[in-house]
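# What follows is a predicted protein model with its sequence.
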Amino acid sequence: MSGEEQQLAEAVRRACIRAVLDGYQQAAISGLCHEGAFEAGVDAIRMLDLEVLLRQHDGRET
């Protein structure tokens, strides 16, 4: 894996972790049970805008 590919993969991993933690936390604060909050976290990953992530990685957007 090239250095560029490695950086992109790490950026995707960070974005997924941030999304799942934020989604879970917001759902738990809203009163969802553990399972519901987990599903909300997974849905947050599904809703990630990958085009924005790629533009940020390419330096075209901050």
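Yep, it's here. Note that the structure is a prediction, hence the values are computed from the model and not measured.
# for L48, helix, strand, or coil?
coil (DSSP: H, G, I helix; E, B strand; the rest coil).
# wait, what's in contact with it?
When contacts are counted by Cβ atoms under 8 Å, 6 or more residues apart in numbering, L48 is found next to 15-16, 19. Just so you know, the C-beta spots here come from the backbone N, C-alpha and C atoms, and that holds for glycine as well.
# hmm, try it at 6 Å
Counting by Cβ atoms under 6 Å, 6 or more residues apart in numbering, L48 touches 15, 19.
# Could you report the separation of it from G3?
Distance of L48 to G3, given as Cβ to Cβ, to the nearest Å: 23 Å.
# And V52, by the same measure?
As judged by Cβ to Cβ, V52 and G3 stand 22 Å apart.
# Quick check: longest helix in this structure by residues?
helix 3-29 (DSSP state H).
# ok, for the most centrally placed residue in the chain, nearest residue in space, not its chain neighbours?
The residue lying closest to the centre of the chain (Cα atoms, centre = their mean) is C16, at 2.7 Å. Once flanking residues are discounted, C16 sits nearest to I45: 5.1 Å by Cβ to Cβ, 6 or more residues apart in numbering.
# How about M47?
Nearest non-adjacent residue to M47, counting by Cβ to Cβ, 6+ apart: A19, 7.6 Å away.
# how close does that neighbour sit to E4?
23 Å.
# Have a look at those two and say which one is more surrounded.
Set side by side, A19 and E4 show more neighbours around A19, with 18 against 10, by other Cβ atoms under 10 Å.
# Pull the contacting residues for that one.
44-45, 48.
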